[in-house]
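Asker: pasting the structure only:
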């Protein structure tokens, strides 16, 4: 427990390498979800995304009900050199189901959905995040609504062209 607390102190001081060493020691003593979660945080800060992913996956295996671990894992899947938005969406959906009133999780889920072209669901999540207090979601609601409208107009235009071509 002491290594875990000291690691957190070092992380707060900005000494990520020292925090990582202490968290590793804590994990070696006892593999807890908390120690693995914090070790993942240090790996992430050091851009060691594969190690962060491994630590958070193991943390989730020990404590599957942690929305923070699922959210962090999703983030690592997005920023890692080989981005995996499919896996990010999976974990963000789990996090959102574990913490349905967490505005930031809803916002992050909306952003990844938008990037993946799933605009209707993205719009729902942006609206949820705004409802729970993320003011910047309002701009995204307008943007995604405009994209959806643009898609509908294009589909209508294409449909009209197809009708014109077949006459």
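Answerer: Alright, I've got the coordinates. Predicted model only: the values in this text are computed from it and were never measured. Numbers count the residues shown, from 1 in each chain.
Asker: secondary structure element for residue 44?
Answerer: Secondary structure assignment for residue 44, by DSSP states H and E: helix 33-45.
Asker: just how off-centre is the following helix or strand past that helix within its chain?
Answerer: As assigned by DSSP H and E, the chain's next helix or strand after helix 33-45 is helix 49-62. Relative to the centre of its chain, helix 49-62 is centred 14 Å away, using C-alpha atoms, centre = their mean, to the nearest Å.
Asker: same deal with stretch 5-19?
Answerer: 24 Å.
Asker: not counting that stretch itself, show me its contacts.
Answerer: Residues from elsewhere that reach stretch 5-19 (C-beta atoms under 8 Å, 6 or more residues apart in numbering): 20-23, 26, 38, 41-42, 45-46. Every residue, glycine included, has its C-beta placed from N, CA and C.
Asker: circling back: what packs against the helix holding residue 44?
Answerer: helix 2-13, helix 16-29, helix 49-62, helix 67-79 (3 or more C-beta pairs under 8 Å, 6 or more residues apart in numbering; DSSP states H and E).
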